[in-house]
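# Any chance you could fold what I've pasted below:
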Amino acid sequence: MLRFKALTGFRCLAACMVFIFHNRKYWRSQLHPEILRLFNEFHIGVALFFVLSGFLITYTYFDEPMRSGRAYARYMLLRLARIMPLYWLILTAYYLDPAFGNRHFSALTYSLFHGFSDKYNLEGIAQAWSLTVEMSFYFFAPLLCLLQRKHLLYLLGSLVLLFGITWGSGEAWHYINGNPCRFLYPLKFISNGTFSGRCTEFLAGMLLAVTIRNKQTVWLEKTKYKTLIGFMGILITAYCIGLFQSDTYDDGINHTGGMLLHKVTLPFFVMLALAGLIYERTWLQWFFSSRLLVLLGNASFAFYLVHISYVSIKLREKINLPDRNFVLLWLISIALYLVFEKPVYDRCRKWLK
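So this is what the prediction gives:
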């Protein structure tokens, strides 16, 4: 039986990895150099989110959105309702705070278009740059699924074409007027901060979803120890990416070898780990399916929005525990999920029916 419940708990792991990555600098003097090398690459938690998103969206919406304009509009509104209300709530608090946004509201951040700019992508709630990547995937996903149904090469070709258009647009803009806001420019930003540059992560999840939907799972069923190989592969790949670091303040993905491992090898192992959680009865499947981990997985989006930037900084002004308020931030995230995020989404979903 498919155990998608474990995939919800898996989101908690991804969120914790991102938390460690953003706070590792505070523990730098206390960590063994090789542990620090690994933690320096725990930004891969975002990649875990993207592969999982590629799987869930494709598995859930493989056919429906492209049947009509109405169906596509409903699909996009559901996606907006899932992400934007909580983001807007925290962003508004940021702008109303005189010590932070000081009422300098920005249409770019509210629309997430700031995520297309290398100059502005960290404004407001800094980590929201990844929401732009996520929403870009949501926008293209139904079309990508349609192309996948025709032939895998159509899907791969469209992603290559999209990358070329994205890169060319930024370069043309730069050629015309210097592209002062650095929209879709330079190439490094496109590769690390846009959907077209990170599409291989979503693609891995999409391919797993299509395999399961089409019941072409012979290779998955024959592959033993999927969970073990997948999770060990994720950790080993993260460490190998770290081998390209020039020092403890550098990220391995800033170098060609590390970038290739991140974009090719890592998505494969994440896909295998997800397949293991779905098909194999292991203690990890049990752990990620537990009531606590499912709750934390459901609250992981809220945790992602509060673990650094505005909410985290405001909390540290009142209290700063040795764990960098890790537990407190999770408690806040659970409260935000239960009191605001889930009720708003449930209401929007009923309305859209």
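# C-alpha only now, for contacts and for neighbours.
Will do.
# the helices in the stretch 51-200 of the chain, which residues?
Counting by DSSP state H, counting those that start in this stretch, the stretch 51-200 of the chain has these helices, from start to end: 69-96, 107-111, 129-150, 152-177, 187-193, 199-213.
# how about CSV for these, with mean neighbour count, mean pLDDT and distance to residue 335 added?
Conversion of those to CSV gives the following (neighbours: other C-alpha atoms under 10 Å; pLDDT from 0 to 100; distance: least, C-alpha to C-alpha, whole Å):
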stretch, mean neighbour count, mean pLDDT, distance to residue 335
helix 69-96, 17, 96, 12
helix 107-111, 15, 98, 23
helix 129-150, 19, 95, 21
helix 152-177, 15, 97, 38
helix 187-193, 18, 96, 30
helix 199-213, 23, 96, 29
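# Of all the ones you listed, which one comes closest to residue 350?
Residue 350 lies closest to helix 69-96 among those, at 10.1 Å (C-alpha to C-alpha).
# name the helices or strands packed onto the closest one?
helix 129-150, helix 300-306, helix 342-352 (3 or more C-alpha pairs under 8 Å, 6 or more residues apart in numbering; DSSP states H and E).
# So which of those helices is nearest residue 267?
Of the helices and strands packed on helix 69-96, the one closest to residue 267 (C-alpha to C-alpha) turns out to be helix 129-150, at 15.7 Å.
# tell me the angle that closest one makes with helix 69-96.
Angle of helix 129-150 versus helix 69-96, following axes from the mean of the first three to the mean of the last three C-alpha atoms, to 10 degrees, is 170 degrees.
# which residues does the closest residue to residue 95 other than its chain neighbours contact?
Once flanking residues are discounted, residue 95 sits nearest to residue 101: 3.8 Å by C-alpha to C-alpha, 6 or more residues apart in numbering. Going by C-alpha atoms under 8 Å, 6 or more residues apart in numbering, residue 101 touches 94, 95, 124.
# Reformat the helices of the stretch 51-200 of the chain as TSV; add distance to residue 259.
Formatted as TSV, the helices of the stretch 51-200 of the chain follow (distance: least, C-alpha to C-alpha, whole Å):
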stretch	distance to residue 259
helix 69-96	28
helix 107-111	28
helix 129-150	17
helix 152-177	16
helix 187-193	9
helix 199-213	12
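# Of those, which is nearest residue 51?
For the helices of the stretch 51-200 of the chain, proximity to residue 51 was assessed by C-alpha to C-alpha; helix 199-213 is nearest, at 4.6 Å.
# Next one, pLDDT for the residue nearest to residue 95 please.
For residue 101, the pLDDT comes out at 96.
# same question, residue 3
Residue 3 carries a pLDDT value of 65.
# please renumber so the chain begins at 20
From this message on, residue numbering opens at 20, which makes the last subject residue 22.
# need the contact list for residue 249.
Counting by C-alpha under 8 Å, 6+ apart, residue 249 has contacts 288, 289, 290, 291, 292, 293, 295.
# The first one: neighbour count?
Using other C-alpha atoms under 10 Å, the number of residues around residue 288 comes to 24.
# now do the last one
Neighbouring residues of residue 295 were enumerated by other C-alpha under 10 Å; the total is 27.
# quick one: which helix or strand includes it?
Remark: residue 295 resides in helix 285-298, with elements defined by DSSP states H and E.
# Just the C-alphas of that helix, formatted as PDB.
Taking Å, rounded to 0.1, in the frame of the first residue of the first chain, the C-alpha atoms of helix 285-298 are listed here in PDB:
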ATOM      1  CA  LEU A 285      21.000  14.500  -5.600                       C
ATOM      2  CA  PRO A 286      17.500  14.500  -7.200                       C
ATOM      3  CA  PHE A 287      18.000  10.800  -8.100                       C
ATOM      4  CA  PHE A 288      18.700   9.800  -4.500                       C
ATOM      5  CA  VAL A 289      15.900  11.900  -3.200                       C
ATOM      6  CA  MET A 290      13.500  10.200  -5.700                       C
ATOM      7  CA  LEU A 291      14.800   6.800  -4.500                       C
ATOM      8  CA  ALA A 292      14.300   7.800  -0.800                       C
ATOM      9  CA  LEU A 293      10.700   8.900  -1.600                       C
ATOM     10  CA  ALA A 294      10.100   5.600  -3.400                       C
ATOM     11  CA  GLY A 295      11.400   3.700  -0.300                       C
ATOM     12  CA  LEU A 296       9.100   5.600   2.000                       C
ATOM     13  CA  ILE A 297       6.200   4.700  -0.200                       C
ATOM     14  CA  TYR A 298       6.900   1.000  -0.800                       C
END
